[in-house]
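# Build the 3D model from these lines:
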Amino acid sequence: MTFSPMRLRIETERLILTPEEPSDAEWLAELLNARGTSTFTTADALDRIAVMAKTIQTTGIGALVLRKWPDGEALGYTAIVVGRASLDEPELAFELLPRAHGHGYATEAARALLDAAFDTGRRRIWATVRSWNEPSLRVLEKLGFRRDHCTMDADGEVVWLVCDR
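Residues are numbered from 1 along each chain as shown. Have a look, this model is predicted:
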């Protein structure tokens with residue numbers, strides 16, 4: 001099946017979502033380091049930004065930065081990506097800088113991006129979340145995702161959630 005490309009500029013009440021740019025490398029490295037699993041440099045972040053630009057170009061889906069309206073402060077990203085799913089039924093992902101947690105930005109941005117993903121012609125979107133990540137599970141439930149199944153990998157249990165249009 002052929003899908004339309006995803007909109008690459010989305011505005012919500014408090015946010016503007018746009019593709020990553022090289023100027024985003026510093027905060028993206030900060031976000032990746034906040035995970036506490038590895039050390040990421042600005043150069044690593046620049047590499048990820050280049051890969052995502054190519055991904056958007058070739059697949060029509062990808063990551064968008066959450067930029068606070070009106071000052072443009074980057075808060076994190078939300079994405080429609082293949083992830084653990086497929087190009088026909090991709091995965092919604094989001095990750096915010098710690099200082100942006102607890103303000104409803106993830107829900108607001110993910111809702112807008114989910115609508116944009118459905119506007120491409122897709123009928124089903126997945127999300128996978130570690131079972132311990134209650135805040136992300138709450139966001140997904142607010143968006144209408146329902147739990148489908150769980151799997152295990154080397155890092156533990158993964159909850160698979162699905163949202164149908």
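# Any stretches of the protein with poor pLDDT?
For the chain, no stretch is flagged by pLDDT under 70.
# what about 90?
Applying pLDDT under 90 to the chain flags the ranges 1-2, 36-37.
# looking at this, Ile80 is in a strand?
Yes: counting by DSSP: H, G, I helix; E, B strand; the rest coil, one finds Ile80 located in a strand.
# That one reaches Ile61, doesn't it?
Yes: with contact defined as CB atoms under 8 Å, Ile80 counts as touching Ile61 (4.4 Å). For every residue, glycine as well, the C-beta is placed using N, CA and C.
# Neighbour count: these two, which is higher?
Ile80 (27 against 22; other CB atoms under 10 Å).
# Overlap of the contact sets of Ile80 and Ile61?
The contact sets of Ile80 and Ile61 overlap at 6, 90, 117 (CB atoms under 8 Å, 6 or more residues apart in numbering).
# which residues of the chain fall in strands?
Using DSSP state E, the strands found in the chain span residues 10-11, 15-19, 63-68, 74-81, 91-96, 124-130, 146-153, 156-164.
# mind giving me CSV with these and columns for distance to Ala29?
Formatted as CSV, the strands of the chain follow (distance: least, CB to CB, whole Å):
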stretch, distance to Ala29
strand 10-11, 24
strand 15-19, 17
strand 63-68, 14
strand 74-81, 12
strand 91-96, 13
strand 124-130, 22
strand 146-153, 25
strand 156-164, 26
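# closest to Leu32 out of those?
Nearest to Leu32, of all these, is strand 91-96, at 8.7 Å by CB to CB.
# quick check: longest helix of the protein.
In the chain, taking DSSP state H as the definition, the longest helix is helix 42-59.
# Find the nearest non-adjacent residue to Pro19, please.
In space, Pro19 comes closest to Leu8 once its chain neighbours are excluded; the distance is 5.4 Å by CB to CB, 6 or more residues apart in numbering.
# Please apply the same query to Leu161.
Phe145 (3.9 Å).
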